[in-house]
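*Asks:* Any chance you could fold what I've pasted below:
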Amino acid sequence: MSQKTKKIYSLLSNTHVYSLVQKIMSGTSFREKIVKTFIKKKNVKVLDIGCGPAEILNCLPQVEYFGYDISPIYINYAKKKYKNRGKFFCKKFTNKEVKKLPKFDHVLLLGILHHLNDLEVKRLMQLVKKVLKRNGNIITEDPIFVQKQNSVAEFIIKMDRGDNVRRKNGYTKLVKKYFNKVKSKIYHQKFIPYTWFVMSCKN
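*Replies:* Below is the predicted model:
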């Protein structure tokens, strides 16, 4: 994983600071909007890789939720707040973990791909493909660089912790090798200016 963690970026390891920044940037509300679009049914199985404090549970119906994150601070927060609403693991998502898990209807990769280099994304796609049900889907959401981008949005995205923000083709080519159906959409946020990229990937 490639991301900035020193100086001011270290503040984001604090759950409350992270949540506040997400709310200010409308990241929380945007993710909730996207996830609600794809996950409407109850009792489906949802895998959230890089779940952070698992606040996406605030907008999900009653589901069987599995959250993975390498931050003990985030995972401890999730366990205390959401308790039996999900299963939370402070671990890297590896092939060893895949063997322990059921098949999922939805896999969430929210704000994850731009923290990974190309090789890491390919390895992750190989893993999630193994745990995805036949008609299941993967939902990704990341910042993106586009032509004629709002200068404020471009500046903020350049300051992101993730070192691998890509253009559209950079994201899609990495997943099309593993999934036959890839739908994508670019969203332009007006306030605070930002540009989001969302993909839905199916077998």
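
*Asks:* Export stretch 149-157 to PDB, keeping only CA atoms.
*Replies:* Output of stretch 149-157 as PDB, limited to C-alpha atoms (Å, rounded to 0.1, in the frame of the first residue of the first chain):
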ATOM      1  CA  GLN A 149     -10.800  19.500 -14.100                       C
ATOM      2  CA  ASN A 150     -11.900  22.100 -11.500                       C
ATOM      3  CA  SER A 151      -8.600  23.500 -10.200                       C
ATOM      4  CA  VAL A 152      -9.600  23.200  -6.600                       C
ATOM      5  CA  ALA A 153     -10.700  19.600  -7.100                       C
ATOM      6  CA  GLU A 154      -7.400  18.800  -8.800                       C
ATOM      7  CA  PHE A 155      -5.400  20.400  -6.000                       C
ATOM      8  CA  ILE A 156      -7.300  18.600  -3.200                       C
ATOM      9  CA  ILE A 157      -7.000  15.300  -5.000                       C
END
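
*Asks:* what comes up buried for that stretch?
*Replies:* The neighbour-count check on stretch 149-157 (16 or more other CB atoms under 10 Å) flags 149-150, 153-154, 156-157 as buried. Where C-beta positions appear, they are placed from N, C-alpha and C, glycine not excepted.

*Asks:* Mind checking which of those residues are in helices?
*Replies:* 153-154, 156-157 (DSSP state H).

*Asks:* So which of those is the closest to residue 123?
*Replies:* Of all those, residue 123 sits closest to residue 157, with 24.5 Å by CB to CB.

*Asks:* Residue 194 versus that closest one, what's the distance?
*Replies:* 7 Å (CB to CB, to the nearest Å).
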